[in-house]
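Student: compute the structure for the input listed below.
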Amino acid sequence: MTTGDQTAPPQSPEEEPLPISPAPAVPLSPAAPGSLPAAPVSPGVGPADPADADVAMLTAAAPVPAAAPATEAQPAPGESGEWRGIVLVTGTDTDVGKTVVTAAVAAAAQAAGLRVAVVKPGQTGTALGDPTDIDRVTHLAAPHTTRTLRSYPEPLAPLAAARIAGMAPLELYEVVDAVRAESAQHDLVLVEGAGGLLVPMGVRPSGEPWTLADLATTLGVQTIVVARAGLGTLNHTALTLEALERRGVPAKVVLGAWPAEPELVHWANLTELVPHLVGAVPDGAGQMEPGVFQRSAPGWLTPALYGVLDDWRVWADEIS
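Tutor: Residues are numbered from 1 along each chain as shown. Below is the predicted model:
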């Protein structure tokens, strides 16, 4: 693996920020969970750009099942709407699946022929002895380049972990320079945050804390929001999307762990979130063999993220 030492300007996102326009919800019948109704827009969450997920036109070809052979899971050729340059990955909370989603996007992008780097600005909890997030991404997706900029022993927010350990905190422009250096040498740079969008990551030159939202605005890039599939996700997702929209940051959603046996609440949440979804990763994907994971990843993501999932109604029928 390589690391870059050059600095390049950030690449501008290709999408405009999403408006927020409430609309009434459409109920989902518990008798037919695999039948996905027309997707409503929940209050506080604006409609997505159809060019990203094609959710408005539910007539496309069926997506490939998660464990399909490599010959069936090849992503479509690159399109102008696909995300390139620097992309941040945040979550609605901790342990929502950010690392596995990051690995899935990296695998799908590399299968599409892109050169991919994954950067973890602040890794915490290293004293526990568990594999780090970059270890897991490397194992599952084997990106061209992976980097952890700073590691801290305690499993806390990065800024708190740095203070407890008496270590230097992450400085905002140190991270900006490192990410831009990788963008000069790669087609796609995925930057995985810690916890949720507003978790304190480090300090500015002034000494004030900064968050992943600040990194997104400083770099001028778009963001993937990884959300849970179960109860409580609508409020958390709406709050995160609203915070990004107020900052002018384009964002879309990926479900981090779709259950093998979804219940009514999961189908109802899916219906509400479809206008924003660009992917849904199955629960347990992080335990797959790397080869299976890499072949399957395009089937979990829409063409916006170099996948082949282009019809949520058919996807629902396939997994139900």
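
Student: going forward, measure contacts between C-alpha atoms and count neighbours the same way
Tutor: Noted.

Student: the helix or strand where G195 lies: how far from the chain's middle?
Tutor: For G195, the host element (DSSP states H and E) is strand 188-196. Averaged C-alpha coordinates place strand 188-196 at 8 Å from its chain's average position (CA atoms, centre = their mean, to the nearest Å).

Student: what does it contact?
Tutor: Residues from elsewhere that reach strand 188-196, judged by CA atoms under 8 Å, 6 or more residues apart in numbering: 83-95, 98-99, 102, 106, 109, 114-123, 157-158, 179, 182-183, 201, 212.

Student: the same query, at a cut-off of 7 Å, please.
Tutor: Here strand 188-196 makes contact (CA atoms under 7 Å, 6 or more residues apart in numbering) with 84-94, 102, 114-121, 182-183, 212.

Student: where does the protein have low pLDDT?
Tutor: 1-81 (pLDDT under 70).

Student: what do you get if the cut-off is 90, keeping everything else the same?
Tutor: Scanning the chain for pLDDT under 90 picks out 1-83, 316-320.

Student: next up, the contacts around the residue nearest to the spatial centre of the chain.
Tutor: Closest residue to the average C-alpha location of the chain: I224 at 3.8 Å, with CA atoms, centre = their mean. Listed by CA under 7 Å, 6+ apart, the contact set of I224 reads 88-90, 251-254.

Student: could you do H266 as well?
Tutor: The contact partners of H266, by CA under 7 Å, 6+ apart, come to 229-230.

Student: for it, identify the helix or strand it belongs to.
Tutor: Here H266 is assigned to helix 264-273, by DSSP H and E.

Student: for the residue nearest to the centre of the chain, which non-adjacent residue is closest in space?
Tutor: Excluding its sequence neighbours, the residue lying closest to I224 (CA to CA, 6 or more residues apart in numbering) is V89, at 4.8 Å.

Student: burial count for the one you found?
Tutor: As a burial measure, V89 scores 27 neighbours (other CA atoms under 10 Å).

Student: again with R115
Tutor: R115: 18 neighbours (other CA under 10 Å).

Student: and if you look at R180?
Tutor: Under the neighbour criterion other CA under 10 Å, R180 is assigned a count of 23.

Student: and for G129?
Tutor: 8.

Student: quick one, phi psi at it?
Tutor: Reported as degrees, to the nearest 10, the phi and psi values for G129 are phi 80, psi 10.

Student: Provide a list of residues in contact with P205.
Tutor: For P205, the contact set (CA under 7 Å, 6+ apart) comprises E171.

Student: which secondary structure element contains it?
Tutor: Using DSSP H and E, P205 maps to neither a helix nor a strand.

Student: how far away is it from E174?
Tutor: 10 Å (CA to CA, to the nearest Å).

Student: P158 too?
Tutor: Distance from P158 to E174, by CA to CA: 15 Å.

Student: check contacts around the residue nearest to I224.
Tutor: 98, 102, 190-193, 223-225.

Student: so it sits in a helix?
Tutor: No: counting by DSSP: H, G, I helix; E, B strand; the rest coil, one finds V89 to be strand, located in no helix.
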